[in-house]
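Trainee: this is a predicted model, with the sequence first.
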Amino acid sequence: MTASFAPFNMSFLSWIAIVPLFVALEGASVKEGLYLGFIAGFIHFITLVYWIVEALAHYGGLNIFASVGILLLFVSYLALFPAIFSCLFLFLKDCRCYGVALSGCWVSLEYARAHLMTGFPWCLLGYTQYNNPCLVQSADLFGVYGLSFLIVLANISLWSVIFRRHGKKVWMEAVMTVVIISATVVYGYHCLSRSYGSQKQFRTVSVLIVQGNIDQSVKWNPDFQAKTIATYMDLTRKGILSGADLVVWPETALPCFFQDSRKIRKMLVGLVKNRGILVFGSPAYIKKNGMIKYYNRAYLLSPCRGDIQYYDKVHLVPFGEYVPFKTILGFINRLVPAAGDFESGGRNRILSSDGLDIGVLICFEAIFPNLARLYSQAGANILINLTNDAWFGKTGAPYQHLSMAVFRAVENRIPLIRAANTGISAIIQWDGKIVARTGLFRKEIILHSIGLCCHKPTFYVRYGYRFPVFLVFLSVVVILVHGIRNCKKKPH
């Protein structure tokens with residue numbers, strides 16, 4: 001299967017990575033294909049999300065055996081998708097236009113994974129191209145699903161030419177694949193050739209990102225709260241002298257309830273003084289009808305206007321911020337012990353001040369394309385991703401998380417600022433280029449200017465999921481038609 005993400009370029013492997021599975025499936029029965037696909041998927045996903053053990057064992061308080069058990073159970077669920085694809089490969093490999101049909105099936109299954117059981121679109125196949133600037137530009141047309149489709153089509157064509165090598169159909173599909181890839185590259189070059197000047201740049205914003213590198217094991221300890229706040233204050237003072245317009249702290253940078261502390265509010269107002277905007281994360285709560293509801297909140301503090309706005313996280317992390325199926329899994333501790341289970345904020349809310357219309361994505365929300373798209377439709381001109389990846393530990397997960405955020409900038413043609421507690425913090429341009437980034441588990445700041453542009457809504461912003469939905473429809477039709485033809489060929 002596809003190569004797991006790592007802090008180096010492995011994107012080229014995805015163009016050949018599925019070919020071995022196709023070779024193994026040649027001549028297999030549908031039942032054997034189910035087993036082979038499951039094994040391939042299991043191996044792939046266990047090397048991709050192995051960091052779940054680190055999160056559950058180190059920060060969730062589970063013993064190593066329970067943590068491994070949950071990982072194996074979750075990976076088994078994820079492996080069902082390549083298992084189903086392998087069955088469809090064997091069922092459809094002799095149909096007309098099988099390359100397009102099978103690529104559509106792959107995207108349909110990715111789309112299903114992104115929505116079933118709250119959704120887990122982590123590291124879809126198209127994300128492997130995050131550092132391939134020419135190809136990634138097509139995300140403003142079809143999102144990450146367009147690249148997933150193209151990569152699977154390339155793998156099928158390569159397998160057909162090398163291992164089948166017969167019939168005009170094979171070569172016609174191979175030529176079609178080359179034409180589509182070439183068109184995608186040409187489109188990418190066209191997008192990259194456009195300068196900020198031609199994009200009607202209307203403002204340059206000086207951004208200060210503060211990465212406090214607070215150890216997750218002490219982050220919520222009351223004895224360390226004052227030290228945590230002092231760390232962010234000191235780092236901010238070092239960078240704000242250069243005149244930052246926008247200061248960004250990570251998710252839950254304040255490990256306390258900001259709404260209850262006048263002292264902290266006064267400190268933060270004095271920090272940015274008469275200019276600048278501060279965006280930061282802090283837990284919050286609301287008392288209603290004798291009940292307390294907790295929220296993972298992002299605040300915007302604008303001292304010059306005396307303005308405080310906030311956004312409450314909409315898409316929560318299972319086991320990170322709430323425990324699903326409590327009656328069964330109530331023994332599992334949450335990874336964020338600041339309060340009770342968090343509640344969903346219910347809707348996206350743009351934070352606006354001084355010409356900045358900010359769409360905030362908190363942690364896990366950056367992997368859901370539609371959340372960023374809703375902000376773009378509402379008029380956001382900048383995206384901010386506040387996150388705390390400390391509970392991933394020193395694994396590949398922070399790199400995976402960053403790679404997916406790149407696509408949110410390209411899909412919407414809006415720059416994205418990423419502030420992470422322990423890294424990787426970054427500034428991503430509208431074209432997906434990472435122009436500044438920090439190291440992992442380092443106490444650092446980024447001070448960099450970005451240009452805000454007047455963009456027309458991209459094709460993706462206007463039409464969203466129509467491409468994968470069309471492929472779902474196409475896949476169902478092809479499967480039904482091929483099944484009916486097979487039935488007619490068989491003797492009664």
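Mentor: Thanks, I have the structure now.
Trainee: residue 437 and residue 249, how far apart?
Mentor: Distance, residue 437 to residue 249, using C-beta to C-beta, to the nearest Å: 17 Å. (Glycine included, C-beta is placed from N, CA and C.)
Trainee: quick one: which of these two has more around it?
Mentor: Counted by other C-beta atoms under 10 Å, residue 437 and residue 249 do not tie: residue 249 has more neighbours, with 26 against 19.
Trainee: which residues touch the more buried one?
Mentor: By C-beta atoms under 8 Å, 6 or more residues apart in numbering, the residues touching residue 249 are 210, 212, 232, 236, 278, 279, 280, 281, 386, 419.
Trainee: just give the nearest non-adjacent residue to it, would you?
Mentor: In this structure, residue 249 finds its nearest non-sequential neighbour in residue 280, 3.7 Å apart by C-beta to C-beta, 6 or more residues apart in numbering.
Trainee: quickly list the domain ranges of the protein.
Mentor: The record's domain parsing of the chain by automatic domain parsing lists 11-193+464-489, 201-455.
Trainee: kindly reformat those as a markdown table containing mean pLDDT.
Mentor: Converted to a markdown table, the domains of the chain look like this (pLDDT from 0 to 100):
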| stretch | mean pLDDT |
| --- | --- |
| domain 11-193+464-489 | 88 |
| domain 201-455 | 85 |
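Trainee: give me the element residue 94 is part of.
Mentor: For residue 94, there is no host helix or strand (DSSP states H and E).
Trainee: run a quick neighbour tally on it.
Mentor: Under the neighbour criterion other C-beta under 10 Å, residue 94 is assigned a count of 11.
Trainee: mind listing which of the contacts of residue 249 are in helices?
Mentor: 232, 236 (DSSP state H).
Trainee: hmm, who's touching stretch 172-181?
Mentor: For stretch 172-181, contacts defined as C-beta under 8 Å, 6+ apart pick out 97, 98, 99, 100, 150, 153, 154, 156, 157, 160, 161.
Trainee: ok, now which ones touch the fifth one?
Mentor: The neighbours of residue 150, taking C-beta under 8 Å, 6+ apart as the test, are 103, 126, 135, 138, 180, 181, 184.
Trainee: can you pull out the strands in the stretch 301-450 of the chain?
Mentor: 307-312, 351-353, 356-362, 382-387, 416-420, 426-428, 434-437, 444-453 (DSSP state E, counting those that start in this stretch).
Trainee: what's in contact with the second one?
Mentor: Yep, that's strand 351-353 we're talking about. By C-beta under 8 Å, 6+ apart, strand 351-353 touches 277, 279, 298, 300, 302, 305, 307, 309-311, 357-358, 360.
Trainee: pairing partners for it, with directions?
Mentor: Sheet pairing here is set by DSSP bridges, and for strand 351-353 it gives strand 356-362 (antiparallel).
Trainee: same deal with the longest one?
Mentor: With DSSP bridges as the criterion, the sheet partners recorded for strand 444-453 are strand 201-211 (antiparallel).
Trainee: name the residues of the strand it pairs with that come out as buried.
Mentor: For strand 201-211, the neighbour count (16 or more other C-beta atoms under 10 Å) marks 205, 206, 207, 208, 209, 210, 211 as buried.
Trainee: okay, those residues in CSV with distance to residue 65 next?
Mentor: Shown next, in CSV, are those (distance: C-beta to C-beta, whole Å):
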residue, distance to residue 65
205, 49
206, 50
207, 45
208, 44
209, 39
210, 39
211, 34
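Trainee: let me know the closest of the residues you listed to residue 66.
Mentor: Nearest to residue 66 among these, counting by C-beta to C-beta, is residue 211 at 31.9 Å.
Trainee: could you say what helices and strands the helix ranked longest in the chain packs with?
Mentor: If you go by DSSP H, the chain has its longest helix at helix 64-92. Applying 3 or more C-beta pairs under 8 Å, 6 or more residues apart in numbering; DSSP states H and E, one finds that helix 64-92 contacts helix 19-25, helix 30-48, helix 51-54, helix 98-113, helix 466-489.
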